[in-house]
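>>> structure, please.
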Amino acid sequence: MIEGLFIHPIKGCAPIAVQLARVTLRGLEDDRRWMVVDEAGRFLSQRELPVMGAVAVRVSGPDLIVDDDLALPRDLAEGPRREVAVWSHTGEALVHEAGSAWFSKRLGRPCSLVFMPDDVVRPVNPARGRPGDLVSFADGYPVLLATEASRAEVERRAGVPIAMARFRPNVVTSAPSPFDEDRWRRLSLGAVSFRNVKPCERCVVTTLDPITQAPGKEPLRTLATFRARDGAVWFGVNLIPDGEGELRVGDPVQVTEFQPPFVEAGSGDA
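Numbers count the residues shown, from 1 in each chain. Here you go, the predicted structure:
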């Protein structure tokens, strides 16, 4: 069952919990269509600026309201264009000049707020996806899924509270056992079919308290003891939708095809 749905309208800023989400080919509607970039056009995140996690966003009709101070359209239709980069991908985006000034002041450094319009196509990694698979300004794939059972297992091993917000998922589901999601090759969330294309590599952002942005050691320290492989640690899975539709909290989850389980550190495939 779907237990939670979350969108992150501005990459790196606070999420919004929703009861209903529309699935588009780029991901959940409104998820990571906006992004803050530095003077060179490269994306900024909580990795460099933990304070971004304290920037609250809410939906108000056709607008996004940022910190109750800045109004942005959910769909920006026009504006000056510039080249921006997310990891190895580069492409065009629309610049919101008032938003750029607001974020430059809020973050204490020159930056630009940009929007991905519909005419900009960012494909997923072709080694993992199919022709026509798209993504917004998310790190690499349209939808990130995590299970409550897996979060609870990390918390149990760590011996300290581990909030799901640290992992910034789009979809949180129930599962019979921790990390069952590793084996879900194909699944349906409600009436929408998805492909599970890879586990999600986790970074230092997970060690920031989602309320205070204070840094710590968890959950990376605990994940490294049993979820390490290929020089990284992993939690959650990246999904690509096969089509569009709607998801609601409470919708069923049906796994239609399975794959081999994740191989843990020390098992001979690290």
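
>>> G12 against P50, yeah?
No. The criterion here is Cβ atoms under 8 Å, and G12 misses it with P50 at 9.7 Å. The way it works is simple: take the backbone N, C-alpha and C, and place the C-beta from them, glycine included.

>>> who's more crowded, those two?
Each of G12 and P50 has its neighbours counted (other Cβ atoms under 10 Å); G12 has more, 24 against 19.

>>> okay, how far is it across stretch 5-20, tip to tip?
With Cα to Cα, to the nearest Å as the measure, the ends of stretch 5-20 fall 7 Å from one another.

>>> cool, stretch 205-219 as well?
Terminal-residue distance, stretch 205-219 (Cα to Cα): 10 Å.

>>> how about residues contacting it?
45-47, 50-51, 53-54, 154, 158, 160, 162-163, 165-168, 202, 204, 220, 235 (Cβ atoms under 8 Å, 6 or more residues apart in numbering).

>>> mark which of these are buried, thanks.
45-46, 50, 53, 154, 158, 162, 165-168, 202, 220, 235 (16 or more other Cβ atoms under 10 Å).

>>> quick check, nearest of these to Q19?
Checking the buried ones among the contacts of stretch 205-219 against Q19 by Cβ to Cβ gives A165 as the nearest, at 17.1 Å.

>>> hang on, the earlier thing: so which of the contacts of stretch 205-219 belong to helices?
154, 158, 220 (DSSP state H).

>>> save those as TSV, and put in pLDDT too.
Formatted as TSV, those follow (pLDDT from 0 to 100):
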residue	pLDDT
V154	98
A158	98
L220	98
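
>>> among the residues you listed, which one sits closest to A191?
V154 (30.5 Å).

>>> any weak-confidence spans in the stretch 151-270 of the chain?
263-270 (pLDDT under 70).

>>> what pLDDT does the closest residue in space to V57 that isn't next to it in sequence get?
Take V57 and drop its neighbours on the chain: the residue closest to it by Cβ to Cβ, 6 or more residues apart in numbering is P9, 5.0 Å away. pLDDT for P9: 98.
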